[in-house]
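> this one's structure only:
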């Protein structure tokens, strides 16, 4: 964009502003008087991000401490007794005792996550209640059986009895399912 | 002699020496720019103070890649002055002005009409300039009197160079038409 000549306009402006007033000589001192609060040193801006980080870290620490206090002291899943019991009870496929259930802890979680811990009676009770709730039907039938506990040396395969228990429960579940299906089919035949 | 960047750094660090140096270097330029628009010298001085105080408090926002320190200070001065003038005397657009804008003129006609060398026309132009709105007067002052480029003017007045070129054309056409009528 080229600047137009417009010499008349330029001349008019030159004449108009030829007597532009000068800035007062004491302008600077008067300006300082007018702004006495001007700080001699600026606010240290580099402190702002550091302060923000410190505040954030404090808040995070408080949150973590709060979470740590609210966590339960005992976790039945992870507070398993990993020490293998010296005495084990031999169990037949049809009989599963409460002691056997308790004596076969979930070694997977305990061994993987925690080192060996001292067995606590409270932890044992919590785990026993958890397993008993799931095997309630099996325990009722076990009471009728005649059991003779045989103490054997330390079982080298702690998972053997657990596998047997699982298989027993599965087979009994299938048997019950078939019985129920039979009952339903019989009732349908009767209706027809 | 300290450069503008050194002055800016000095002001950023809060040293009064840097502030004084900035005022002593650009104070007169800013004062003159404001005084050309504001009739009262006291008002011009007060606006100049406000300009530098605002510059000191916002020195962190100054970017030397966008403009020179002088242009940046002029930008602050312009905004403060325009706000001051609008509060003091709201400008009323006359019907005559709108009629002038409807007439189309070529660039050659305009340039010829504003470059006659006629003393009477120059004196009339001096009077007509006072009747212009503050924005238009500022544009003429910056571009014709201070010989600033349209790019610098666009930074100061916060408008695109193309918009300022159009505005400049309208101002010249208005002055030409009014000269023809007188």
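Nice, I can see it. These numbers were taken from a predicted model, which means no experiment stands behind them. Numbering: from 1, shown residues only, chains lettered A, B, ... in the order given.
> secondary structure element for the residue positioned nearest the centre of chain B?
Nearest to the geometric centre of chain B sits residue B:138, at 3.1 Å (Cα atoms, centre = their mean). Assigned by DSSP states H and E, residue B:138 belongs to helix B:134-140.
> Against which helices or strands is the lengthiest helix in chain A packed?
If you go by DSSP state H, chain A has its longest helix at helix A:159-191. On a contact count with 3 or more Cβ pairs under 8 Å, 6 or more residues apart in numbering or on different chains; DSSP states H and E, helix A:159-191 meets helix A:98-103, helix A:136-142. The C-beta positions use only the backbone N, C-alpha and C, and glycine is treated the same way.
> Flag every buried residue along that helix.
For helix A:159-191, the neighbour count (16 or more other Cβ atoms under 10 Å in any protein chain shown) marks A:161-162, A:164-165, A:168 as buried.
> Just name the closest of the residues you listed to chain B, please.
Of all the buried residues of helix A:159-191, residue A:162 has the smallest distance to chain B: 70.3 Å, by Cβ to the nearest Cβ.
> secondary structure element for residue B:170?
helix B:161-181.
> quick one: average pLDDT of that helix?
Mean pLDDT, helix B:161-181: 91.
> Stretch B:148-158 too?
Stretch B:148-158 shows a mean pLDDT of 93 in the predicted model.
> That one and chain A in contact?
Yes: Stretch B:148-158 is in contact with chain A by Cβ under 8 Å from any Cβ of the partner chain, via residue B:150.
> Show me what the helix or strand just after the helix holding residue B:138 is packed against.
Counting by DSSP H and E, the next helix or strand C-terminal to helix B:134-140 is helix B:150-157. Judged by 3+ Cβ pairs under 8 Å, 6+ apart, the packing partners of helix B:150-157 are helix B:69-88, helix B:134-140, helix B:161-181.
> So what's the gap between the helix holding residue B:170 and the chain middle?
16 Å (Cα atoms, centre = their mean, to the nearest Å).
> what's in contact with that helix?
When contacts are defined by Cβ atoms under 8 Å, 6 or more residues apart in numbering or on different chains, helix B:161-181 is touched by residues A:1, A:4, A:6, A:9, B:97, B:100-101, B:103, B:105, B:107, B:109-110, B:113-114, B:121, B:124-125, B:128-129, B:132, B:135-136, B:139-140, B:143, B:150-151, B:153-154, B:157, B:159.
> tell me the angle it makes with helix B:150-157.
Between helix B:161-181 and helix B:150-157, the angle comes out at 90 degrees (axes from the mean of the first three to the mean of the last three Cα atoms, to 10 degrees).
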